[in-house]
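Chemist: Structure of the sequence below:
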Amino acid sequence: MPFFEGRISVVTGASRGIGRAIALDLAREGSFVYVVGRNKESLEALGSGAGLIKEMISPCQADLEND
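Modeler: Next up is the predicted model:
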């Protein structure tokens, strides 16, 4: 059984770059992944473009403001 199978992961900055790659790898390994980022469309595209693993990815839009 792979280490990440059945686990829950949260990946911030998942709409592009390294965050996106990490989220996809975790989902491929069987983890349920909450992808967090500012760009809602990119997050939703990540899930819909992931093929068979799209059920493993849940997009969550969030933006932290620095006051």
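Chemist: Pull the contacting residues for Val36.
Modeler: 10-14, 43, 60-62 (Cβ atoms under 8 Å, 6 or more residues apart in numbering). C-beta here means a position set from N, CA and C on the backbone, and glycine is covered the same way.
Chemist: Distance to Leu24 for the residues you listed - can I get that in TSV?
Modeler: Output for the contacts of Val36, formatted as TSV (distance: Cβ to Cβ, whole Å):
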residue	distance to Leu24
Val10	14
Val11	9
Thr12	15
Gly13	13
Ala14	9
Leu43	12
Cys60	16
Gln61	18
Ala62	19
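Chemist: Just send the residues you listed back as TSV, with distance to Ala21, secondary structure and neighbour count too.
Modeler: TSV is the format used below for the contacts of Val36 (distance: Cβ to Cβ, whole Å; DSSP: H, G, I helix; E, B strand; the rest coil; neighbours: other Cβ atoms under 10 Å):
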residue	distance to Ala21	secondary structure	neighbour count
Val10	15	strand	14
Val11	10	strand	25
Thr12	13	strand	15
Gly13	11	coil	15
Ala14	9	coil	27
Leu43	14	helix	25
Cys60	18	strand	14
Gln61	19	strand	15
Ala62	19	coil	10
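Chemist: Looking at these, which one is closest to Gly30?
Modeler: Closest approach to Gly30 among the contacts of Val36 (Cβ to Cβ): Val11, at 14.8 Å.
Chemist: Any idea what the closest one is bridged to?
Modeler: Val35 (DSSP bridges).
Chemist: Contact partners for it?
Modeler: 19, 22-23, 26, 33-36.
Chemist: Which of the residues you listed has the largest number of neighbours?
Modeler: Ala23 (31 neighbours; other Cβ atoms under 10 Å).
Chemist: what kind of secondary structure is that one in?
Modeler: Following DSSP: H, G, I helix; E, B strand; the rest coil, the label given to Ala23 is helix.
Chemist: And Arg28, how close does it get to Ser9?
Modeler: Arg28 sits 12 Å away from Ser9, going by Cβ to Cβ, to the nearest Å.
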